[in-house]
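**Student:** mind looking at a prediction? Sequence and model below.
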Number of protein chains: 2
Amino acid sequence: MNRIELIELIGRKKSFLCVGLDSDITKLPECVKSCEDPVFEFNKRIIDATLPYTVAYKPNLAFYESYGISGLVSLKKTMDYLHTKEKECFVIADAKRGDIGNTSKQYAKAFFTREGDFDFDALTIAPYMGEDSVKPFLEYEGKWVILLALTSNKGSDDFQMFENKEGMKLYERVLRKAQDWGSEENLMFVCGATKAEKFTDIRKIVPNHFLLVPGVGAQGGSLKEVCKYGLTKDCGLLVNSSRGIIFADSTEAFDKVAGEKAEQMQREMALYL
Amino acid sequence: MNRIELIELIGRKKSFLCVGLDSDITKLPECVKSCEDPVFEFNKRIIDATLPYTVAYKPNLAFYESYGISGLVSLKKTMDYLHTKEKECFVIADAKRGDIGNTSKQYAKAFFTREGDFDFDALTIAPYMGEDSVKPFLEYEGKWVILLALTSNKGSDDFQMFENKEGMKLYERVLRKAQDWGSEENLMFVCGATKAEKFTDIRKIVPNHFLLVPGVGAQGGSLKEVCKYGLTKDCGLLVNSSRGIIFADSTEAFDKVAGEKAEQMQREMALYL
């Protein structure tokens, strides 16, 4: 999905909500546990309930890889289902990959092609290894790199705030440097909602790039604050919620409640757009 | 495998060679291509031929993920085969993972347990997200984090050499900071052979930690230089070679030639030990 299509989708749904499919088997409602593939059944019902209010889904690879090959089979079924909704959502692999050039080329194939089984629209990438670790992902038409800049977790201070003698922090260096590699058409950045006060500085460096914003909800970030400092004329935000939507309820009605939570967020988003 | 066992293994084989199983399907010899599972057949024959000279194997996840679930089935078979050689080798997942705490916990399960299908001894981790992205991996007895510090690729200069006002570089900050999280018993660092001249500085910060050293061979690093500046009284090095061994020959005799290449490196290593 390219930038124009994404902006059109956001306008149509009046939403920039991304639902994180962190589908931890141990947290699934009892009612799906007897299904042949509980994770897929759970994801399918969450997707059906939230799709009217959601522009993006973000499966977190760790929650599938932790059950080995059977976990990845559940992910493949989920992706096959999402591909039937192709024009209705943008799908992000939250996988934090990145390696030397010839290896990143293989990861790009893994995530961006049918040969790799999944064919996502976008992939999160860790920037530590620099240019040749990122560029191979930018060669796929209509696919996106979402580069970690300022993350929402406690450990983000350890290295991302490391500062050079001109007072530039590492995450600012990442934002600046990456613009030599990709454009607003194929590059987004992860900027955590728990650091909303930094969005003013971030927007000075990347005024138009889309930002993927985790950390609203369970991690404590505020949607209002994020929008105040992060919204652009084209929206420019994808705000993720995972646990706050998918595990809002653990009864038979889990999907209905997830849909209601997504609708609540969509309504708030519509006000800010 | 714990540190004492690893040092004992190195002493017994007079080798600190790690063979990288970057088993790119497009580069496999013709003679294995008609097998039911060419990648597994190739890996098995490479392992059989190189095991006497090798203390570690390092499958690079990208080369398996790029063929989707079938690629991971080949990896699982390879791991099942390696588990039959348990005391004979240390097995590293080269996967460059790392995410917020609750996600890293899932990745640890994916790589360090049978539930995740693979049960590796060690995993490469990207440090960008800091403490809570690394610590969950350190809670597994006998398992290792191998944290990226100074990598062997061209892009490593982009961020790893970013320097604060005291002249400390980011990779040095990573080496220092990570010592608050793990010890010589469960933490190694990736330091590329193409930067051998930096090993003196690195050893000042981490005098006893094991270093995983990629970049000898195809990437241009010198084993002699690495040993000159990097060896410790306990060896303290695992030097990786991938393409230079596994793809040294593309005939029926590919495994025999790989064994000879591994033996050549082992003999040179025995001199330095």
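**Tutor:** Yep, it's here.
**Student:** quick one, what contacts residue A:243?
**Tutor:** A:20, A:22, A:217, A:218 (Cβ atoms under 8 Å, 6 or more residues apart in numbering or on different chains). Where you see a C-beta, it was placed from the backbone N, CA and C, and this is true even at glycine.
**Student:** 6 Å - rerun?
**Tutor:** By Cβ atoms under 6 Å, 6 or more residues apart in numbering or on different chains, residue A:243 lies in contact with residue A:218.
**Student:** do the one 5 residues further on as well
**Tutor:** Contact analysis of residue A:248 by Cβ under 6 Å, 6+ apart lists A:257, A:258, A:261.
**Student:** so which strand or helix has the second one?
**Tutor:** Looking back up the chat, that one is residue A:258. Residue A:258 is located in helix A:254-272, with elements delineated by DSSP states H and E.
**Student:** do I have it right that residue A:68 meets residue B:119?
**Tutor:** No. Taking contacts as Cβ atoms under 6 Å, residue A:68 lies outside contact range of residue B:119: 9.8 Å.
**Student:** can you work out which residues contact both of the two?
**Tutor:** Counting by Cβ under 6 Å, 6+ apart, nothing touches both residue A:68 and residue B:119.
**Student:** near chain B, which residues of the stretch 151-273 of chain A? Just list them.
**Tutor:** Neighbours of chain B within the stretch 151-273 of chain A, by Cβ under 6 Å from any Cβ of the partner chain: A:151, A:153-156, A:158-159, A:162, A:164-165, A:170, A:173, A:177.
**Student:** can I get the buried part of those as one ChimeraX selection?
**Tutor:** Typed into ChimeraX, the line below selects the buried ones among those, using 16 or more other Cβ atoms under 10 Å in any protein chain shown:
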select /A:151,153,154,155,156,158,159,162,170,173,177
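**Student:** all strands of the stretch 101-250 of chain A, in order?
**Tutor:** Using DSSP state E, counting those that start in this stretch, the strands of the stretch 101-250 of chain A run over A:122-125, A:144-150, A:187-191, A:211-213, A:237-241.
**Student:** got the ones you listed as TSV, with mean pLDDT and mean neighbour count columns?
**Tutor:** What follows is the strands of the stretch 101-250 of chain A, written out as TSV (pLDDT from 0 to 100; neighbours: other Cβ atoms under 10 Å in any protein chain shown):
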stretch	mean pLDDT	mean neighbour count
strand A:122-125	98	28
strand A:144-150	98	26
strand A:187-191	98	25
strand A:211-213	98	26
strand A:237-241	97	27
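**Student:** need those strands in JSON lines (columns: distance to residue A:28).
**Tutor:** Compiled in JSON lines, the strands of the stretch 101-250 of chain A are given as follows (distance: least, Cβ to Cβ, whole Å):
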{"stretch": "strand A:122-125", "distance to residue A:28": "24"}
{"stretch": "strand A:144-150", "distance to residue A:28": "27"}
{"stretch": "strand A:187-191", "distance to residue A:28": "26"}
{"stretch": "strand A:211-213", "distance to residue A:28": "25"}
{"stretch": "strand A:237-241", "distance to residue A:28": "18"}
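**Student:** contacting residues around residue A:49?
**Tutor:** A:255, A:258, A:259.
**Student:** OK, contacts around the second one?
**Tutor:** The one in question is residue A:258. Residue A:258 sits in contact with A:46, A:49, A:50, A:245, A:246, A:248, where contact means Cβ under 6 Å, 6+ apart.
**Student:** those residues in helices, which ones?
**Tutor:** Among those, DSSP state H puts A:46, A:49, A:50, A:245, A:246 in helices.
**Student:** quick check: of the residues you listed, which lies closest to residue B:132?
**Tutor:** Distance to residue B:132, by Cβ to Cβ, is smallest for residue A:246 among the ones in helices among the contacts of residue A:258, at 21.6 Å.
**Student:** can you report how many residues neighbour the closest one?
**Tutor:** Neighbourhood size, residue A:246 [other Cβ atoms under 10 Å in any protein chain shown]: 27.
**Student:** likewise for residue A:206?
**Tutor:** 21.
**Student:** skipping adjacent residues, who's closest to it in space?
**Tutor:** residue A:175 (5.5 Å; Cβ to Cβ, 6 or more residues apart in numbering or on different chains).
**Student:** show the contacting residues for that neighbour.
**Tutor:** Counting by Cβ under 6 Å, 6+ apart, residue A:175 has contacts A:149, A:205, A:206.
**Student:** how close does it sit to residue A:144?
**Tutor:** Per Cβ to Cβ, to the nearest Å, residue A:175 is found 16 Å from residue A:144.
**Student:** what's near enough to touch residue A:257?
**Tutor:** By Cβ under 6 Å, 6+ apart, the neighbours of residue A:257 are A:248, A:249.
**Student:** could you redo the last one with a cut-off of 8 Å?
**Tutor:** For residue A:257, the contact set (Cβ under 8 Å, 6+ apart) comprises A:248, A:249, A:251.
**Student:** over to residue A:265?
**Tutor:** Counting by Cβ under 8 Å, 6+ apart, residue A:265 touches A:15, A:17, A:53, A:223, A:239, A:241, A:245.
**Student:** need the pLDDT of it.
**Tutor:** Here, the pLDDT recorded for residue A:265 equals 97.
**Student:** equivalent analysis for residue A:86, please.
**Tutor:** At residue A:86, pLDDT is 86.
**Student:** what about it, how many residues close to it?
**Tutor:** 11.
**Student:** would you turn the contacts of residue A:248 into CSV with pLDDT?
**Tutor:** Shown next, in CSV, are the contacts of residue A:248 (pLDDT from 0 to 100):
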residue, pLDDT
A:257, 98
A:258, 98
A:261, 97
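**Student:** closest one to residue B:78 out of those residues, please.
**Tutor:** Top of the list for closeness to residue B:78, among the contacts of residue A:248 and by Cβ to Cβ, is residue A:258 at 39.0 Å.
**Student:** measure the closest one to residue A:92 for me?
**Tutor:** Residue A:258 is 18 Å from residue A:92, by Cβ to Cβ.
**Student:** try residue A:262
**Tutor:** 16 Å.
**Student:** and residue A:235, by the same measure?
**Tutor:** For residue A:235, the distance to residue A:92 (Cβ to Cβ) stands at 16 Å.
**Student:** neighbour count winner among these two?
**Tutor:** Between residue A:235 and residue A:92, counting by other Cβ under 10 Å, residue A:92 is the more crowded of the two (26 against 20).
**Student:** need phi/psi at the more buried one.
**Tutor:** Residue A:92 adopts backbone torsions of phi -110, psi 130, taken as degrees, to the nearest 10.
**Student:** could you pull out the helices for chain A?
**Tutor:** Secondary structure of chain A, counting by DSSP H: helices at A:3-13, A:30-33, A:38-50, A:62-65, A:68-83, A:101-112, A:131-134, A:156-160, A:170-178, A:199-205, A:223-230, A:243-246, A:254-272.
**Student:** tabulate those helices (a markdown table), appending distance to residue B:102.
**Tutor:** Shown next, in a markdown table, are these (distance: least, Cβ to Cβ, whole Å):
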| stretch | distance to residue B:102 |
| --- | --- |
| helix A:3-13 | 28 |
| helix A:30-33 | 21 |
| helix A:38-50 | 17 |
| helix A:62-65 | 9 |
| helix A:68-83 | 16 |
| helix A:101-112 | 22 |
| helix A:131-134 | 25 |
| helix A:156-160 | 15 |
| helix A:170-178 | 22 |
| helix A:199-205 | 24 |
| helix A:223-230 | 21 |
| helix A:243-246 | 9 |
| helix A:254-272 | 19 |
